[in-house]
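Chemist: Here's my sequence, what's the structure:
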Amino acid sequence: MEFRGRWILVTGASAGLGQAFARKLAKEHGANIVAVARRKERLEELKQELESEAHVEVHVIAADLSKLEDVDRVIAEAQQGRQLYAAVLNAGVTYFGAYDKLSWSDFDAMLRINVVSVVRMTTELLPHLKSGAPPGGAGGGLLIVSSMAGINPVPYQTAYSATKAFLVSFGLGMWHELHGSNVSLTTYTPAGIATEMTAGEKFGPLRGWLAPVEQVAECGIEAFRTRKYLAIPGAINQVGDMLIRVLPRQFFTSQLASVYRKALKKELQGS
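Modeler: Numbering: from 1, shown residues only. Presented below is the predicted three-dimensional model:
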């Protein structure tokens with residue numbers, strides 16, 4: 001894929017991995033960005049930064065992707081007056097704690113952001129991406145950001161893991177359905193990342209496991225650019241993926257449960 005001079009939609013662009021994606025695509029690949037997130041002031045700051053430093057165009061859309069009407073508004077506005085080449089569907093929320101402490105409203109919002117918005121955008125954007133490809137030539141594509149938690153469940157992030165598992169199955173299945181078409185779909189599964197989302201006290205004992213966001217964004221963009229099927233960044237994560245396939249799943253998940261249980265206990269003792 002060639003991003004220079006082309007429009008790329010990035011969700012969750014006001015902070016964390018989404019912001020890192022937008023910066024790298026603009027500054028290192030010369031892409032124009034449609035930046036989507038809830039916090040408009042953050043998006044406006046990013047727009048000013050990228051337009052002045054990378055000399056690209058940036059269009060911002062403030063939206064709450066837990067609301068279907070906002071998702072549809074983003075889809076319509078992103079396509080208005082511009083031909084999208086690609087989209088990075090990155091927006092997501094997590095929850096770290098005992099399952100019975102997650103409120104139903106928070107779970108519903110997580111499901112809508114992590115799953116419903118991604119499926120809706122994929123469904124509505126693919127015809128647009130296909131139509132913008134040159135006749136008989138390769139077009140752009142979609143990058144769906146899932147997680148290693150979608151490959152193997154993470155206890156105490158159980159609901160989050162389930163939403164990300166859906167994205168893995170959805171993304172890989174869609175790759176096969178799109179095979180032979182002029183667009184591609186890559187599923188990206190990073191592990192824990194040092195971002196705003198993992199900045200809370202609960203994640204303190206796990207901080208050493210979190211990867212730098214710039215590194216994760218760089219690996220994701222390279223996987224996207226080369227149209228990978230499933231991309232797992234980092235040697236440790238790749239080894240972990242192999243162990244998941246070899247070791248009994250219950251054993252592997254029990255080790256994760258032990259680590260997260262200790263982190264929760266330490267956070268509770270400190271509060």
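
Chemist: For the closest residue to A165 other than its chain neighbours, which residues are in contact?
Modeler: Using Cβ to Cβ, 6 or more residues apart in numbering and skipping the chain neighbours, the partner closest in space to A165 is G150 (4.4 Å). Placement of C-beta: from N, CA and C, glycine included. For G150, the residues meeting the contact criterion (Cβ atoms under 8 Å, 6 or more residues apart in numbering) are S161, T163, K164, A165, F166, L167, V168, T189.

Chemist: and if we set it to 7 Å?
Modeler: Remark: with contacts taken as Cβ atoms under 7 Å, 6 or more residues apart in numbering, G150 is in contact with S161, K164, A165, L167, V168, T189.

Chemist: Beyond the helix or strand hosting E51, next helix or strand please.
Modeler: Take DSSP states H and E as the rule and E51 turns out to sit in helix 40-53. As assigned by DSSP H and E, the chain's next helix or strand after helix 40-53 is strand 58-62.

Chemist: Mind checking the pLDDT average for the next helix or strand after that following strand?
Modeler: The C-terminal neighbour of strand 58-62 among helices and strands, as given by DSSP H and E, is helix 68-79. Summarised as a single mean, pLDDT over helix 68-79 is 97.

Chemist: secondary structure class for T187?
Modeler: With DSSP: H, G, I helix; E, B strand; the rest coil as the basis, the three-state label of T187 is strand.

Chemist: Just give the number of residues close to it.
Modeler: For T187, the neighbour count with other Cβ atoms under 10 Å is 25.

Chemist: give the contact list for it.
Modeler: Residues near T187 by Cβ under 7 Å, 6+ apart: I144, S146, L167, V168, G171, L172, L230.

Chemist: And it, what's its pLDDT?
Modeler: Value listed for T187 in the pLDDT field: 98.

Chemist: so what's it bridging to?
Modeler: On DSSP bridges, the residues paired with T187 through beta bridges are I144, L230.

Chemist: circling back to that earlier point, distance of the residue nearest to A165 relative to E124?
Modeler: Per Cβ to Cβ, to the nearest Å, G150 is found 23 Å from E124.

Chemist: What of K24?
Modeler: From K24 over to E124 (counting by Cβ to Cβ), the distance is 26 Å.

Chemist: One more: I61?
Modeler: Note on I61: its distance to E124, by Cβ to Cβ, is 14 Å.

Chemist: Confirm for me that A223 is in contact with Y229.
Modeler: No: assessed by Cβ atoms under 7 Å, A223 is found out of contact with Y229, at 9.3 Å.

Chemist: Neighbour count: these two, which is higher?
Modeler: Summary of the neighbour comparison: A223 and Y229, criterion other Cβ under 10 Å, with A223 having more neighbours (20 against 14).

Chemist: now the helices: where do they sit in the chain?
Modeler: Counting by DSSP state H, the chain has these helices, from start to end: 16-27, 40-53, 68-79, 104-111, 117-131, 158-178, 213-225, 235-246, 249-270.

Chemist: quick one: low-confidence parts of the protein?
Modeler: For the chain, residues meeting the criterion pLDDT under 70 lie at 136, 194-210, 234-247, 252, 266-271.

Chemist: Pull the contacting residues for the closest residue to G5 other than its chain neighbours.
Modeler: Nearest in space to G5, with sequence neighbours left out and distances taken as Cβ to Cβ, 6+ apart, is G30 at 6.2 Å. Contacts for G30 were tallied using Cβ under 7 Å, 6+ apart; they are F3, R4, G5, V56.

Chemist: With Y85 instead?
Modeler: For Y85, the contacting residues are R6, W7, I8, G132, G140, by Cβ under 7 Å, 6+ apart.

Chemist: Pull the number of nearby residues for the residue nearest to the fourth one when sequence neighbours are not counted.
Modeler: For G132, the nearest residue in space outside its immediate sequence neighbours is Q83; the separation is 4.4 Å by Cβ to Cβ, 6+ apart. Residues contacting Q83 under the criterion other Cβ under 10 Å number 13.

Chemist: quick one: Q83 and Q19, what's the gap?
Modeler: Relative to Q19, Q83 is positioned 24 Å away (Cβ to Cβ).
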